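A.B. asks: Below: sequence and its predicted model.
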Amino acid sequence: MQRALIRWMIVGLGMLVLTGCAQPVYNPTPTPEEELPPPVTGPLPFGVPPPTAQPTVEYPPSLYLNPGTVSLGVGETATVEVWADGMGRVNTLSLEVKFDPARVQIVDADPAVEGTQAAPGDLMGVVLENRVEGDRLIYQAAVQPGAVAQDSGVAVSLTLQGIAPGTAVLQIGHAAAQDAAGNPVMVDTLSDGLVTVGGTASQPTEEQPPPVAETPILPAPTPTPPVVVLPTPSGAGGIYYVMEPGENLFRIGLKFGTTAQAIAAANNIPDPRQVQAGTMLLIPVPAPGGGYGYYVRRGDTVYSIARRFGMTVEELVSLNNIGPDFTIHPGTVLKVVPRR
C-alpha cells in the first residue's frame, strides 16, 4: 500500500514538473513571432510613395499666352500665341481672348473671308468658329474625326497692331473643353498677357522700335519719386508676377516690399487702381541670385514658363536645379532669362 502511494506521488509530481516546464517554453515562443511583422512591414511605407507621386507629373489641360509681355509702337505688329498643354484627351476646345480695342486691334489673318479672323494653330485640325467681336476673339476648334489630339501646341495665333499709346491687357476669358464622349474637361487658364504700346501715330513705322525698346517693362529711372528709392535700378532685373483675383498693386507691393506707385511706374501703368487680375507685372525688386525671376503660381509648369520667356526647358531646369520629375511649387521664385 505504501509502495503504491509512493509510486502515485512520484507520478503526480512528475506531471506537475512537466506542466510547469511547458509554460515557460510556450509563452516566449509567440513573442519573437509577434515582433517579426514590424521589420517586414516597416519598409513597405517607404516604397509606397513612388507610385502615388507619379500622377502629379500629369498636368491638367492649360492655356496661356506666349509671349506674356509684348512691346510695340503705334502701327507696329506683334504675334501672340495661345499655347495649350496637357490636351491629349481633349476633342473640342472653345475659348475667348479679350483685349482693349482702344490700344490694340487684331489683324485679319484671312482677308478672303468676311470679318476679322485669327490664325488657327496646329493643335486641332477643324476650326468651328473664328471671329473677332468688339473687344474679344471667339474661337472654337475640334480634332479631325478619328484622330487624337496633340498633347501640346498652338491653339490659335493673334497678330496685334498698336493703335494708341498705353497698356493693354490680353486676357483668356471663357475656356471650355470636351472629350471624345462629350464629357466636359476642366481647362486651367494661366497667366494673361500685357501689351505696351509706345510712340505716336505720326512716327514712321521703322522709327518706332528705338523709342520703345524694352523700357515699358523695365523700371523707369526717375519719372516719379517712388522709383528713385527702388532697390532695383532701371535695367537691373526684377520679379515677374501674375496678379491673382482679389489682389491689387497695393497688396502686391506689401508682398514684395515695394509700393503700388513703383510697380505702376515699372510697368508703365497710368492708373494703379485699374489693373485686372491675370496681368503679368514686373515687380522692381531684386530677384534671388540677381537678374530676373518668375513667381510660380498654381498650374504653372516648366514647359509653360520656359515658353513664356523664350527659354528652353533644359535651360530653365538647369538654371534652377529642378529635379528630373520637373516638380515646381507655387510661391517659389525661379530664375528666368526673358528673350521675348
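C.D. replies: Perfect, thanks for sending it. These numbers were taken from a predicted model, which means no experiment stands behind them.
A.B. asks: which residues of the stretch 51-200 of the chain fall in strands?
C.D. replies: Per DSSP state E, counting those that start in this stretch, the stretch 51-200 of the chain carries strands over the ranges 62-66, 69-73, 77-85, 92-98, 104-106, 119-120, 126-133, 136-142, 153-162, 166-178, 184-185, 188-189, 193-198.
A.B. asks: and the longest one, what other elements does it pack with?
C.D. replies: Packing partners of strand 166-178 (3 or more C-beta pairs under 8 Å, 6 or more residues apart in numbering; DSSP states H and E): strand 62-66, strand 92-98, strand 184-185, strand 193-198. Just so you know, the C-beta spots here come from the backbone N, C-alpha and C atoms, and that holds for glycine as well.
A.B. asks: With the third one instead?
C.D. replies: The criterion is 3+ C-beta pairs under 8 Å, 6+ apart, and the helices and strands that strand 77-85 contacts are strand 62-66, strand 69-73, strand 92-98, strand 153-162, strand 193-198, helix 302-308.
A.B. asks: What angle do strand 153-162 and it make with each other?
C.D. replies: Strand 77-85 runs at 160 degrees relative to strand 153-162, counting by axes from the mean of the first three to the mean of the last three C-alpha atoms, to 10 degrees.
A.B. asks: Need the residues that contact strand 77-85.
C.D. replies: 59, 61-67, 70, 72, 93, 95, 97, 107, 121, 123, 139, 151-162, 170, 172, 193, 195, 301, 303-304, 307 (C-beta atoms under 8 Å, 6 or more residues apart in numbering).
A.B. asks: mind running it again at 6 Å?
C.D. replies: Here strand 77-85 makes contact (C-beta atoms under 6 Å, 6 or more residues apart in numbering) with 62-66, 70, 72, 123, 152, 154-161, 303, 307.
A.B. asks: From the residues you listed, list the buried ones, please.
C.D. replies: 62-66, 70, 72, 123, 152, 154-158, 160, 303, 307 (16 or more other C-beta atoms under 10 Å).
A.B. asks: State the distance from residue 324 to residue 317.
C.D. replies: Residue 324 is 9 Å from residue 317, where distance means C-beta to C-beta, to the nearest Å.
A.B. asks: what about these two, which has more around it?
C.D. replies: residue 317 (18 against 6; other C-beta atoms under 10 Å).
A.B. asks: Remind me which helix or strand the more buried one belongs to.
C.D. replies: helix 313-320 (DSSP states H and E).
A.B. asks: Determine the set of other helices and strands touching that helix.
C.D. replies: Where contact means 3 or more C-beta pairs under 6 Å, 6 or more residues apart in numbering; DSSP states H and E, helix 313-320 is packed against helix 302-308, strand 333-336.
A.B. asks: average pLDDT across that helix?
C.D. replies: Averaging pLDDT along helix 313-320 yields 92.
A.B. asks: Residue ranges in this structure under the pLDDT threshold?
C.D. replies: 1-60, 190-192, 199-236, 340 (pLDDT under 70).
A.B. asks: Is the residue nearest the centre of it inside a helix or a strand, and which specific one?
C.D. replies: The centroid of the chain falls nearest to residue 300 when counting by C-alpha atoms, centre = their mean (1.3 Å). Assigned by DSSP H and E, residue 300 belongs to no helix or strand.
A.B. asks: quick revisit: pipe the strands of the stretch 51-200 of the chain into CSV and attach distance to residue 291 per row.
C.D. replies: Below are those laid out as CSV (distance: least, C-beta to C-beta, whole Å):
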stretch, distance to residue 291
strand 62-66, 21
strand 69-73, 16
strand 77-85, 24
strand 92-98, 30
strand 104-106, 29
strand 119-120, 33
strand 126-133, 38
strand 136-142, 34
strand 153-162, 28
strand 166-178, 24
strand 184-185, 37
strand 188-189, 28
strand 193-198, 20
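A.B. asks: For residue 337, which of the ones you listed is the nearest?
C.D. replies: strand 69-73 (13.9 Å; C-beta to C-beta).
A.B. asks: can you list the domain ranges for the protein.
C.D. replies: 2-47, 59-198, 209-336 (automatic domain parsing).
A.B. asks: can you list the helices and strands packed on strand 77-85 in a markdown table and add distance to residue 330?
C.D. replies: Below are those laid out as a markdown table (distance: least, C-beta to C-beta, whole Å):
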| stretch | distance to residue 330 |
| --- | --- |
| strand 62-66 | 14 |
| strand 69-73 | 21 |
| strand 92-98 | 24 |
| strand 153-162 | 24 |
| strand 193-198 | 20 |
| helix 302-308 | 12 |
